[in-house]
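Participant: Structure for this input, please:
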Amino acid sequence: MTPATSPAATTSPATSLPATSGAVAPSAAAVDWSATLIGFDTTSRNSNLELIRFMADELSARGITPLVVPSPDGRKANLFGTIPAADGTVTGGIMLAGHTDVVPVDGQDWHSDPFAAEIREGRLYGRGATDMKAFSGAILGFLPEFLSRPLAEPLHFAWTYDEEVGCHGAVVLLAELEARGIRPRLGFVGEPTSMRPVSAHKSSQLFRVTVSGIAAHSSMTSTGVNAIEYAARAIAAIRSLADEHRLSGPFDPTFVVPYTTANVGVVSGGAAVNTVAEHCAFEFEFRTIPGVDPEGVIARIREALEGLRTEIQAEKPGTDIVMEQLGAVPGLSPEGPRAALDLAQRLTGNAVEETVVYATEAGLFQRAGIDTVVCGPGSMDQGHTANEYIELSQIAACEDFLRALADHLTSTEPTEGTPQP
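Facilitator: Residues are numbered from 1 along each chain as shown. Got it, this is the predicted structure:
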């Protein structure tokens, strides 16, 4: 069900907050907004335009001019908005960023409708509750407070599409911001970190390999070329490279999995057991730790596949092996400016510097010159799972962070990196 009005004007079933075992409860506005956003099925294969329009209308109603940046095919869009500084400045400033898409629920055993938020035992359930609609809900619920403050520098909000399938939306948004001369000084990406500042994550590189063989009856294998068998050899080569990194490094002990990894996640091919397979395709990813050049890993995989391509074409003309890149998400490096990390530590009260193995849009923002860290409510242990949930206390902790940010932005103390008169 798609709400027709903002949570501020409606009463959601999720508004009634039960006891949370002593934990601080979030505001009704944050919970209402989170529940409302969960109600939009923005699985990556779907359009997110209905949600974007809904959020853009809310920004407009609050006096914030929404910038809607569509995808090349127009089926999806990013949303960007700015609260100017008290003196009217809109350049520089701080950006809060999140994505609007969620992963599929197909085949998962949900105990409730994944797109109808429910509160049970101090938790908000629904697809995207943790990854990452509660972060966006907390921001939207806190907008009136931000707008009531005389900000020392501008505050930006960015919501993207297709983060879950390669961070394509962020690339389009950054190009638009660059064209408009908009570059926030600092960025906070609200992926689930239990509100603990994260200064580094691995890269994510996504590929598809397509093998074209020649079909034949299985009793006449010599007249055909088995695409599945060549695909299996390619998969084995990728696994061998992954094993090399697992056994010999390089290693980064700050990560839970301290080395570069690879995974083949999808394989399809063949028509029948008594037919030599004419086609086979598989998709794989690898994730590099900071300090390992993804281009070097790609080069080694291409070299292995080129060797197999030479072999298959020598066996029969008309065959081929092709590798195409589906997505490339740069890692987040702990090197460079530390202002975003320092501020995140101050605002959360967590004097930590952590890493995560999953990839986010933070690496793209950092590459675009925005000093960025990851810090948001919830745990990725619940992300992408059946019965995904976020603890209500984590939403409250996110609101504490936003309140501290508002206090920081209205402080009379000079802001680091901001020119002073």
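Participant: check contacts around L37.
Facilitator: Applying CB atoms under 8 Å, 6 or more residues apart in numbering, we find L37 in contact with L51, G128, K133, S136, G137, L140. (C-beta placed from N, C-alpha, C; glycine too.)
Participant: helix or strand for it, which one?
Facilitator: Take DSSP states H and E as the rule and L37 turns out to sit in helix 28-38.
Participant: For the one helix or strand L305 maps to, name the packing helices and strands.
Facilitator: When elements are assigned from DSSP H and E, L305 belongs to helix 294-315. Other helices and strands packing on helix 294-315, by 3 or more CB pairs under 8 Å, 6 or more residues apart in numbering; DSSP states H and E, are strand 204-212, helix 227-248, strand 279-287, strand 320-329.
Participant: With mean neighbour count, mean pLDDT and distance to L392 added, can I get those in CSV?
Facilitator: Output for these, formatted as CSV (neighbours: other CB atoms under 10 Å; pLDDT from 0 to 100; distance: least, CB to CB, whole Å):
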stretch, mean neighbour count, mean pLDDT, distance to L392
strand 204-212, 20, 97, 31
helix 227-248, 17, 98, 39
strand 279-287, 20, 97, 32
strand 320-329, 16, 95, 31
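Participant: Which one, of the ones you listed, ends up nearest to G307?
Facilitator: With CB to CB as the measure, helix 227-248 is the member of these nearest G307 (8.5 Å).
Participant: Please identify the buried residues of the helix or strand just after the helix holding L37?
Facilitator: Later in the chain than helix 28-38, the nearest helix or strand by DSSP H and E is helix 49-61. Applying a neighbour-count criterion of 16 or more other CB atoms under 10 Å, one finds L49, L51, I52, F54, M55, A56, E58, L59 buried in helix 49-61.
Participant: got a list of what the second one touches?
Facilitator: Yep, that's L51 we're talking about. L51 sits next to L37, F40, T42, T100 when contact means CB under 8 Å, 6+ apart.
Participant: Setting aside sequence neighbours, what's the nearest residue to it?
Facilitator: Closest residue to L51 apart from its sequence neighbours, by CB to CB, 6 or more residues apart in numbering: F40 at 4.2 Å.
Participant: how many other residues sit next to the nearest residue to A344 once chain neighbours are set aside?
Facilitator: Excluding its sequence neighbours, the residue lying closest to A344 (CB to CB, 6+ apart) is P197, at 3.9 Å. By the criterion of other CB atoms under 10 Å, P197 has 23 neighbours.
Participant: Repeat that for R45.
Facilitator: Residues within reach of R45, counting by other CB under 10 Å, total 13.
Participant: Likewise for D293?
Facilitator: D293 has 10 neighbours, counted by other CB under 10 Å.
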